[in-house]
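>>> From the sequence below, what's the structure:
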Amino acid sequence: MQKGSSSQPTLAELFRNANFVKFWVGQVISYLGDRIDQMAMIAVVSAGVTKAIAADRANMITFWATLPYVFMSFVAGPIVDRFDRRRLMIALDFFRALVVVLLPFTISPEHDVRVIYALVLLIGCATAIFAPAKSAFLPEIVPETHLLRANSVTATMGTLTTLFGTVIGGALVSGLSRLNEIAHHTIPALNLIKLPLGLAVAFLVDSASYIVSAVLLWLIVVEARNREFTEKRQRRVVTEGGILRRAMDGVVFLAHHRVPAVAAFMVSWFFFIGGGYFTLTTKLTYLRLVKAEADATLYLGYAYGVLGLGLAIGGIVAGRIAAHQTLRVFVPACFVSAAALMLVNLLPLPPATHYLVNLAIGLAAGGVVVSMETVMQKAVPDDMRGRVFAFNNLLLNTLLLGSLLAGASILSEQGHLSSWLGRVEQRLGFLTVVLSILAVAGAAIAAKGFPRRLTIATVSPVSADKTS
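Numbering: from 1, shown residues only. You can find the predicted model right below:
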């Protein structure tokens, strides 16, 4: 962990850190490729089916991409703490690039949809290890007092690329699909690609983004003292026992430390609500905004992208104001705002109003994610950081998957709940109300869970061997 002297850096000061710039740019490009890839996957599984079934399959892409976080997280934490995190991320980037670059040559829209889900699952397994490695690695290249701003900028980057990536991906898939027949007749070599041109290009772009991310991570210059610190941490972790024996360390640590435990739960609870809302916004987009099947990815890109823009702005705001805000007031305010905003979807407003609702909900989500991530990074010692973040990913994604499945079941046109809960509009209303109630419950838990007058600025590292 690097030490810093200033309380909060300006953006210019933060970006004078060359290692952070390389890390940040690499993740910008990687996130952009991921979002383009996501829209291509949705287009593959949506080909030739009704809008209602396409919406259900789009939600299942998210489910299968998230599932690995549940069964991989117990081993991901010890792996992240046991190995050099930078080299581990480079290896995972190359693995994901190899899998993705092969997709245009091995799958087609005519494949059984379960084959597509299996490939999404495989990529997700690598990402389930990469995610906690990235969170644990950031404090190694950024001074402790700069973490809030760095997390804000990083979260903003991720969510802005959600905006641009989904819009670009949707437009790319939609636009190039109109040129498929001409391209395949003009360039015979394209017949080796089993996917339509728009989908193939999307996957190739994602593969290239992983390569760029890996190269930029490789270019990060680790100072001698930080290399020594990392090597000592690796040796200590190795002496603690095997990977499977250390799988529960993150749970045990959080069970004995209140502040990081509450932070981990709050961000996980918000994702629990977010999973249900994701299925809701997908269904609303298909039913209220999509006019023709060919434009489905474009409108989904807008809906997801505006949500990402809100997250980005929320992250920026949190980076500027959250450091000295009392956590038991700031976090509940975010949850209550989200609860009220979701109910707006029930009002008889123009369909495009849904975009504005997504923007505002993203603002609230950005505040929770950035502030809670920073609290955990500051409170958890380096030796435990990988295991704690891996367990948090397990908790977060288990709740996310549960709400995704519940939301998809409630809104599905093929499940038994469709007859029990009535027409789709009634089910949309039911799910919206339930999610709003859960958000209010989250506000109450945050208000009770955090100590009085605690702010991000006053969070300090806790010991790995004592309770607090």
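>>> where does the stretch 351-468 of the chain have low pLDDT?
413-422, 463-468 (pLDDT under 70).
>>> how about the strands in it?
With DSSP state E, counting those that start in this stretch as the criterion, the stretch 351-468 of the chain has no strands.
>>> what separates Val44 from Ala54, distance-wise?
11 Å (CB to CB, to the nearest Å). C-betas here are computed from N, CA, C, even on glycine.
>>> Those two: which has the busier surroundings?
Between Val44 and Ala54, counted using other CB atoms under 10 Å, Val44 has the larger neighbour count: 26 against 23.
>>> Touching, that one and Ile116? I think so.
Yes - using CB atoms under 8 Å, Val44 is in contact with Ile116, at 5.7 Å.
>>> Overlap in contacts, these two.
The contact sets of Val44 and Ile116 overlap at Ile107 (CB atoms under 8 Å, 6 or more residues apart in numbering).
>>> by contact count, what packs against the strand or helix carrying Phe253?
Under the criterion of DSSP states H and E, Phe253 resides in helix 249-255. The contact analysis (3 or more CB pairs under 8 Å, 6 or more residues apart in numbering; DSSP states H and E) places helix 249-255 against helix 68-82, helix 258-284, helix 382-411.
>>> Tabulate those helices (TSV), appending distance to Val120 and mean neighbour count.
Shown next, in TSV, are the helices and strands packed on helix 249-255 (distance: least, CB to CB, whole Å; neighbours: other CB atoms under 10 Å):
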stretch	distance to Val120	mean neighbour count
helix 68-82	9	23
helix 258-284	15	24
helix 382-411	13	24
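>>> Including distance to Ala133, could these go into JSON lines?
Compiled in JSON lines, the helices and strands packed on helix 249-255 are given as follows (distance: least, CB to CB, whole Å):
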{"stretch": "helix 68-82", "distance to Ala133": "5"}
{"stretch": "helix 258-284", "distance to Ala133": "17"}
{"stretch": "helix 382-411", "distance to Ala133": "7"}
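>>> Could you say which one of the ones you listed comes nearest to Val100?
For the helices and strands packed on helix 249-255, proximity to Val100 was assessed by CB to CB; helix 68-82 is nearest, at 15.3 Å.
>>> what angle sits between the closest one and helix 382-411?
170 degrees (axes from the mean of the first three to the mean of the last three CA atoms, to 10 degrees).
>>> Touching the helix or strand following helix 68-82 from outside, list them.
Sequence-wise, the next helix or strand downstream of helix 68-82 (DSSP H and E) is helix 85-106. Contacts to helix 85-106, defined as CB under 8 Å, 6+ apart, come from residues 30, 37, 79-80, 119, 122-123, 126-127, 129-130, 133-134, 136-137, 140, 192-195, 199-200, 203-204, 206-208, 210-211, 213-214, 217-218, 220, 222, 230, 386.
>>> same thing but at 7 Å, please
Contacting residues not belonging to helix 85-106 are listed as 37, 80, 119, 122-123, 126, 129-130, 133-134, 136-137, 192-195, 200, 203-204, 206-207, 210-211, 213-214, 217-218, 220, 222 [CB atoms under 7 Å, 6 or more residues apart in numbering].
>>> Go ahead and build a ChimeraX selection from the buried members of those residues.
Restricted to buried positions by 16 or more other CB atoms under 10 Å, the ChimeraX selection for these reads:
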select :37,80,119,123,126,129,130,133,134,136,137,193,194,195,200,203,204,206,207,210,211,213,214,217,220
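>>> So which residues of the stretch 1-150 of the chain form helices?
All helices of the stretch 1-150 of the chain, identified by DSSP state H, counting those that start in this stretch, fall at 11-14, 18-46, 51-66, 68-82, 85-106, 113-141, 147-177.
>>> repeat for the stretch 201-350 of the chain
Secondary structure of the stretch 201-350 of the chain, counting by DSSP H, counting those that start in this stretch: helices at 224-239, 249-255, 258-284, 296-321, 327-343.
>>> would JSON lines of those with mean pLDDT and distance to Leu356 be doable?
Formatted as JSON lines, those follow (pLDDT from 0 to 100; distance: least, CB to CB, whole Å):
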{"stretch": "helix 224-239", "mean pLDDT": "58", "distance to Leu356": "45"}
{"stretch": "helix 249-255", "mean pLDDT": "83", "distance to Leu356": "37"}
{"stretch": "helix 258-284", "mean pLDDT": "90", "distance to Leu356": "12"}
{"stretch": "helix 296-321", "mean pLDDT": "77", "distance to Leu356": "8"}
{"stretch": "helix 327-343", "mean pLDDT": "94", "distance to Leu356": "9"}
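>>> where do the helices sit along the stretch 351-468 of the chain?
According to DSSP H, counting those that start in this stretch, the helices that the stretch 351-468 of the chain contains are 353-379, 382-411, 417-420, 424-449.
>>> Please name every helix or strand in contact with the last one.
So the one you mean is helix 424-449. helix 258-284, helix 327-343, helix 382-411 (3 or more CB pairs under 7 Å, 6 or more residues apart in numbering; DSSP states H and E).
>>> For the longest one, name the packing helices and strands.
Where contact means 3+ CB pairs under 7 Å, 6+ apart, helix 382-411 is packed against helix 51-66, helix 68-82, helix 113-141, helix 224-239, helix 249-255, helix 258-284, helix 424-449.
>>> make it 6 Å
Applying 3 or more CB pairs under 6 Å, 6 or more residues apart in numbering; DSSP states H and E, we find helix 382-411 packed against helix 51-66, helix 68-82, helix 113-141, helix 249-255, helix 258-284, helix 424-449.
>>> so how far is that helix from its chain's centroid?
11 Å (CA atoms, centre = their mean, to the nearest Å).
>>> same check, this time on the second one
Relative to the centre of its chain, helix 327-343 is centred 20 Å away, using CA atoms, centre = their mean.
>>> Repeat that for stretch 321-328.
Its chain's C-alpha centre lies 23 Å from the corresponding centre of stretch 321-328 when counted by CA atoms, centre = their mean.
>>> Restrict that stretch to CA atoms and write it as CSV.
What follows is stretch 321-328, C-alpha atoms only, in CSV (Å, rounded to 0.1, in the frame of the first residue of the first chain):
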residue,chain,number,x,y,z
ILE,A,321,-18.6,15.0,-1.9
ALA,A,322,-18.7,11.6,-0.2
ALA,A,323,-15.4,11.7,1.7
HIS,A,324,-16.8,13.9,4.5
GLN,A,325,-20.5,12.8,4.4
THR,A,326,-21.8,10.8,7.3
LEU,A,327,-22.2,7.3,5.9
ARG,A,328,-25.4,6.5,7.8
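>>> list the buried ones in it?
Judged by neighbour count (16+ other CB under 10 Å), stretch 321-328 contains these buried residues: 322-323, 325, 327-328.
>>> And for stretch 110-125?
Result for stretch 110-125 [16+ other CB under 10 Å]: buried residues 113, 116-117, 119-120, 123-125.
>>> Turn these into JSON lines, columns for pLDDT and distance to Thr455.
Shown next, in JSON lines, are the buried residues of stretch 110-125 (pLDDT from 0 to 100; distance: CB to CB, whole Å):
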{"residue": "Val113", "pLDDT": "83", "distance to Thr455": "48"}
{"residue": "Ile116", "pLDDT": "85", "distance to Thr455": "46"}
{"residue": "Tyr117", "pLDDT": "88", "distance to Thr455": "43"}
{"residue": "Leu119", "pLDDT": "88", "distance to Thr455": "44"}
{"residue": "Val120", "pLDDT": "88", "distance to Thr455": "40"}
{"residue": "Ile123", "pLDDT": "90", "distance to Thr455": "38"}
{"residue": "Gly124", "pLDDT": "88", "distance to Thr455": "35"}
{"residue": "Cys125", "pLDDT": "90", "distance to Thr455": "37"}
